[in-house]
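S.K.: model this:
(one chain, ligands or ions: 1)
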Amino acid sequence: MASADLIFCSRYPFTKQAKDYVSESGLELTSTLVEKAEARVNNALVTGKVKRVAELPDAREEELAIYAGARMIVSSANNRYIISRYAVAEAKRAGEYLAGDDAANNGHVELVASEFGVRFEKKGKDYLVPLSAYLPFTPRSMDYKLTNRELENGFVLVSRHERIRMMEEAVKKKIEGSLPIRAQFSEDITEAGKRMLALIPKLEVATVSVGQENYPPCIKKMLEDLALSINLPHTARVALGIYLVSAGVTTDKIVDYFRHAPDFSEKTTRYQVEHLRSHKYNMPSCSTMDSYGVCIADCRCGTPLRYRDAINGARLRRLAAEKKE
Ligand code: SF4
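M.R.: Below you'll find the model as predicted:
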């Protein structure tokens, strides 16, 4: 295979070309490479990122073997949280390469898009993409809702940045959908998988705030989604921000909650949280939360802010009734 193709495969190891390269070249997973594969998964889980390595000729083949090893380790751990977090981190890595290739090597971007059966047509500075390809690969955000988009004869107009974001979403779904691999793994892989499982409590502790046990189910679910790097729609982010500000959570802590969001930007998040704080927005009612698609229980409290009182009230009424009996 030409070295230019090997560059493509090492940057985008989830593609068919990369898989074919690995099976044709018979790459071996040595114990050193397993260690590197474990470091890749560890980094993805702890920092939400997969480090890009210097693209030296020897490192490119190694990168493919490390990716294969990382997938085995994640499969051996066989845990949805790990799979989801790992897939998001790999997708971000691909997104960084795609952004670079978008300027310097557009052929790579088109090849990755074709992996998902998508063809973007250039239109001025933007791109047209068929609706059938747009719908499955758009992030969960109000910005991508069709009502907010320009449509042209069954095509949707997307910017260069949105084109990359769509492909990141496609990569995430592809990796998530392809894991776990069902196979018998060597001992060093299964041991590495166990070490990854042992990381979960630490990762969860990092996202739990004091008093969070009193948060209503909708808020807990949104925080869990963020911890798993699952994108929240814009309306849900605003509602979560208003709730946390009202609950007395500091801006630093709120920014930390959003840190794992796939499109996180510290500057924008901080600005938006401060904006919510200074404008003292009202918390949406439970029925409005329901219309946003984020209400997940029937707490009968009117607004998530009254959840704690409603639960305590119900508990007191239950205790009083038990006393009477
Ligand atoms: S009923 Fe209200 S507090 Fe409970 S999950 Fe739904 S929106 Fe949240």
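S.K.: only C-alpha atoms for contact and neighbour calcs from this point on.
M.R.: Fine.
S.K.: what's the offset of stretch 41-56 from the middle of its chain?
M.R.: Relative to the centre of its chain, stretch 41-56 is centred 15 Å away, using CA atoms, centre = their mean, to the nearest Å.
S.K.: buried residues in it?
M.R.: 41-46, 48-50 (16 or more other CA atoms under 10 Å).
S.K.: in TSV, list those along with distance to residue 310.
M.R.: As requested, the buried residues of stretch 41-56 are exported to TSV (distance: CA to CA, whole Å):
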residue	distance to residue 310
41	42
42	41
43	41
44	39
45	36
46	36
48	37
49	40
50	43
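S.K.: could you redo those as JSON lines and give each row secondary structure, distance to the ligand and pLDDT?
M.R.: What follows is those, written out as JSON lines (DSSP: H, G, I helix; E, B strand; the rest coil; distance: CA to the nearest ligand atom, whole Å; pLDDT from 0 to 100):
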{"residue": "41", "secondary structure": "helix", "distance to the ligand": "33", "pLDDT": "96"}
{"residue": "42", "secondary structure": "helix", "distance to the ligand": "33", "pLDDT": "94"}
{"residue": "43", "secondary structure": "helix", "distance to the ligand": "33", "pLDDT": "92"}
{"residue": "44", "secondary structure": "helix", "distance to the ligand": "30", "pLDDT": "91"}
{"residue": "45", "secondary structure": "helix", "distance to the ligand": "28", "pLDDT": "87"}
{"residue": "46", "secondary structure": "helix", "distance to the ligand": "29", "pLDDT": "83"}
{"residue": "48", "secondary structure": "coil", "distance to the ligand": "28", "pLDDT": "80"}
{"residue": "49", "secondary structure": "coil", "distance to the ligand": "31", "pLDDT": "84"}
{"residue": "50", "secondary structure": "coil", "distance to the ligand": "34", "pLDDT": "90"}
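S.K.: quick check, nearest of the residues you listed to residue 246?
M.R.: Comparing the buried residues of stretch 41-56 against residue 246 with CA to CA places residue 48 closest, at 28.2 Å.
S.K.: I'd guessed that closest one sits against residue 88; true?
M.R.: Yes: in this structure residue 48 lies within contact range of residue 88 using CA atoms under 8 Å: 7.4 Å.
S.K.: who in this structure is up against the ligand?
M.R.: For the chain, the residues in contact with the ligand (CA under 6 Å from any ligand atom) are 216-218, 286, 289, 295-300, 303-304, 307.
S.K.: the same query, at a cut-off of 5 Å, please.
M.R.: The chain comes close to the ligand at residues 216-218, 286, 295-299, 304, as judged by CA under 5 Å from any ligand atom.
S.K.: list only those of these flagged as buried.
M.R.: 216-218, 286, 295, 299, 304.
S.K.: just checking, which of those residues belong to strands?
M.R.: Nothing among these maps onto strands, per DSSP state E.
S.K.: break the chain into its domains for me.
M.R.: Domain assignment for the chain by automatic domain parsing gives 3-197, 209-324.
S.K.: these: lowest mean pLDDT?
M.R.: Among the domains of the chain, domain 209-324 has the lowest mean pLDDT, at a mean of 83.
S.K.: re the thing from before, so of the domains of the chain, which one's packed in deepest?
M.R.: domain 3-197 (a mean of 18; mean count of other CA atoms under 10 Å).
S.K.: how far does that domain sit from its chain's centre?
M.R.: Worked out by CA atoms, centre = their mean, domain 3-197 lies 12 Å from the chain centre.
S.K.: check which helices and strands the longest helix that the chain contains is in contact with.
M.R.: Ranked by residue count under DSSP state H, the longest helix found in the chain is helix 80-104. For helix 80-104, the packing partners by 3 or more CA pairs under 8 Å, 6 or more residues apart in numbering; DSSP states H and E come out as helix 31-47, helix 57-77, helix 106-115, helix 160-178, helix 187-207.
S.K.: one more time with 7 Å, if that's ok
M.R.: With contacts taken as 3 or more CA pairs under 7 Å, 6 or more residues apart in numbering; DSSP states H and E, helix 80-104 sits against helix 31-47, helix 106-115, helix 160-178.
S.K.: quick one, it and helix 31-47 angle?
M.R.: Going by axes from the mean of the first three to the mean of the last three CA atoms, to 10 degrees, helix 80-104 is angled at 100 degrees with respect to helix 31-47.
S.K.: how far off helix 57-77 does helix 80-104 point, in degrees?
M.R.: 150 degrees.
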